[in-house]
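Participant: Requesting a structural model of the entry that follows:
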Amino acid sequence: MSDDKDNLYAVADFCLIPIGTGDSSVAEYIAECQTVLQKSGLTFKVSIYGHLEFSPLTSGFGKMHGYGTNLEGPWDDVCKAIHDCHAAVHQLGAPRIATDIRIGTRTDREVVTGEGNDRKVRRVEEILASKNEELH
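Facilitator: Next up, the predicted model:
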């Protein structure tokens, strides 16, 4: 259990939407945001009709994901990375950006760096597998 409330480990989901670009495609902007996230050193999953996943722990890419970006790490670093994505997308010429953000934290147990979101997914998969076994 973490007692350091000033250094919360955050698991965030955000969807950055460039507005007023004159183009229906956002791929260029998402690619720029991915570049920002890679430089941040945080664990993240970026998606646009699928996704690219980057983890400084594995230096690899993987799995499919819906629209949006999962990002995790220390609270301040996560918020800075989202800020830096905004700044980079504005630099590409997007006059407006709308972003939806959800952030989860927990203090009841330690979260292994880079595994906050994956652990949640694995736990749900374990429950579903158990229920599936009970049905067969």
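Participant: What are the buried residues along stretch 104-119?
Facilitator: 111, 114, 116-118 (16 or more other C-beta atoms under 10 Å). Where you see a C-beta, it was placed from the backbone N, CA and C, and this is true even at glycine.
Participant: Can I take it that Thr113 is in a strand?
Facilitator: No: checked against DSSP: H, G, I helix; E, B strand; the rest coil, Thr113 lies outside a strand; its state is coil.
Participant: Which of the buried residues of stretch 104-119 sits closest to His90?
Facilitator: Closest approach between these and His90, by C-beta to C-beta: Asn117, at 27.1 Å.
Participant: Tell me which helix or strand the closest one sits in.
Facilitator: helix 116-135 (DSSP states H and E).
Participant: could you point out which element follows the least confident helix or strand in the chain by mean pLDDT?
Facilitator: Least confident helix or strand of the chain, by mean pLDDT, DSSP states H and E, is strand 51-54 with a mean of 45. Moving toward the C-terminus from strand 51-54, the next helix or strand (DSSP H and E) is strand 68-74.
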